[in-house]
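[1] Quick one, what's the 3D model for this:
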Amino acid sequence: MTQMDTQIVVGGFDMRYTYKVRELGLDKPIQDMQAMSLKKLKRKLDHTKTYDVEYKNKKGNFIVATIKGKESN
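    Presented below is the predicted three-dimensional model:
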């Protein structure tokens, strides 16, 4: 597994984390997404689907989580 960069500047806006997102149940490739937090990443994802997310947290620990997107009201 390659090391992920934690500081990425996009158009003057500092994206703190890079997440590797893969939809469960499908053979789609892993998609790299950027967000300031896992909570903000969940807003970008479809709430009807389940995803496998890999990232490094602020303490440098490698995390693998299975999440669903947040349903917007």
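[2] Next up, the contacts around the residue nearest the centre of the chain.
    Computing the C-alpha centroid of the chain and ranking residues by C-alpha atoms, centre = their mean puts Tyr19 first, at 3.2 Å. Residues near Tyr19 by C-beta atoms under 8 Å, 6 or more residues apart in numbering: 32-35, 38, 41, 53-55. In this view, the C-beta of every residue, glycine as well, is placed from N, C-alpha and C.
[3] Sitting in helices, which of those residues do you find?
    38, 41 (DSSP state H).
[4] quick one: which of the contacts of Tyr19 is nearest to Ser72?
    Leu41 (14.1 Å; C-beta to C-beta).
[5] residue boundaries of the strands in the chain?
    Secondary structure of the chain by DSSP state E: the strands cover 8-10, 13-15, 17-23, 31-35, 50-56, 62-68.
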